[in-house]
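Asker: no sequence on this one, just coordinates:
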């Protein structure tokens, strides 16, 4: 009887593992297809052969400029920003055990946005300074939320409520900066706030790429610890997890990624919020959704950008499309949580 139980458990584990591999492979394949579409499609649709020749360094008249200057930077910005948003959003939601605990819901993205808009409108600084300011503001926002939410015990609900309040305050600061800013600076700031891949340039991408390449592996390595943290503070401690150090590593990594992604593309709405729940639903219970969540973020950004470019007569920034997708889910989630008594 005991051997049959063990075999049943092992068969379930193998089935879940096969499902994880299948889901992750399909998401990665879809990401490759969307990246290819970003390079091939535009005002002119180029052949696969011409695009490959350009990527290999050849000069093809008419194709080289469009691919190297416009399409490749746009695709890379969407790829790395989407992965950063998806990974960071899933990390916060899992660590705090609440789908509302996303960086763009609890104010972290808004903190980075205030710093970026201030640099754009008031200081007129370079992109490097905007990136540094966004990271510092994101970390400062996390610290402020933690300080204000401290009590006799750790409370996820208190963190979320305080984060939502801070987000409202920071959004008011952004509105004030737009009101007092010079007229000539407003179009750039408003375009950035909508979340857009338009105007992405290769020289602006290294900070985002390097940040994702450094901090994404940290989150991936700690994915098992993240899953244990989801069980609760006491369970994680009893299983030998140093919850304080693990949380600090995960928070620092996630905030750095989300801040650099926000500084590069603007606050693309709801990608961090949607990626984790979608990945968990696809992967199922029992296995980590960290990598799938990052891939879902990539697919959401790239697909939404393609929809915004080609599905309508007027071209819309990617943040408009993701906002349309995410707002109904947020309303649905709030209604469901209210019925369950989680609010």
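Answerer: Perfect, thanks for sending it. No experiment lies behind these values; they were computed from the predicted model shown.
Asker: Which other helices and strands does the least confident helix or strand in the chain by mean pLDDT contact?
Answerer: Lowest by mean pLDDT, DSSP states H and E among the helices and strands of the chain is helix 233-238, with a mean of 76. The helices and strands touching helix 233-238, judged by 3 or more C-beta pairs under 8 Å, 6 or more residues apart in numbering; DSSP states H and E, are helix 223-229, helix 243-265. Any C-beta I mention is one placed from the backbone N, CA and C, and that applies to glycine too.
Asker: other SSEs contacting the longest one?
Answerer: Using 3+ C-beta pairs under 8 Å, 6+ apart as the contact criterion, the secondary-structure elements in contact with helix 243-265 are helix 72-95, helix 108-118, helix 127-149, helix 206-221, helix 223-229, helix 233-238.
Asker: mean pLDDT for those: which is lowest?
Answerer: When the helices and strands packed on helix 243-265 are compared by mean pLDDT, helix 233-238 comes last with a mean of 76.
Asker: now that helix: how far from the chain's centre is it?
Answerer: 28 Å (C-alpha atoms, centre = their mean, to the nearest Å).
Asker: Can you classify residue 45 by secondary structure?
Answerer: Secondary structure, DSSP: H, G, I helix; E, B strand; the rest coil: residue 45 is coil.
Asker: count of residues packed around it?
Answerer: 8 (other C-beta atoms under 10 Å).
Asker: same deal with residue 264?
Answerer: Neighbour count for residue 264, taken as other C-beta under 10 Å: 26.
Asker: Skipping its backbone neighbours, what lies nearest it in space?
Answerer: Excluding its sequence neighbours, the residue lying closest to residue 264 (C-beta to C-beta, 6 or more residues apart in numbering) is residue 208, at 4.6 Å.
Asker: what do you get for residue 13?
Answerer: residue 286 (7.4 Å).
Asker: my read: that neighbour touches residue 19, true?
Answerer: No: in this structure, residue 286 is not within contact of residue 19 by C-beta atoms under 8 Å, at 9.3 Å.
Asker: Name all residues that make contact with residue 231.
Answerer: residue 239 (C-beta atoms under 8 Å, 6 or more residues apart in numbering).
Asker: Assign a three-state SS to the nearest residue to residue 232 once chain neighbours are set aside, would you?
Answerer: Among residues not flanking residue 232 along the chain, residue 97 sits closest, at 7.5 Å (C-beta to C-beta, 6+ apart). State at residue 97, reduced to three classes by three-state DSSP: coil.
Asker: I'd assumed residue 230 was in contact with residue 97.
Answerer: Yes: judged on C-beta under 8 Å, residue 97 makes contact with residue 230 at a distance of 5.6 Å.
Asker: what number of residues lie near residue 105?
Answerer: Per other C-beta under 10 Å, the neighbour tally for residue 105 reads 24.
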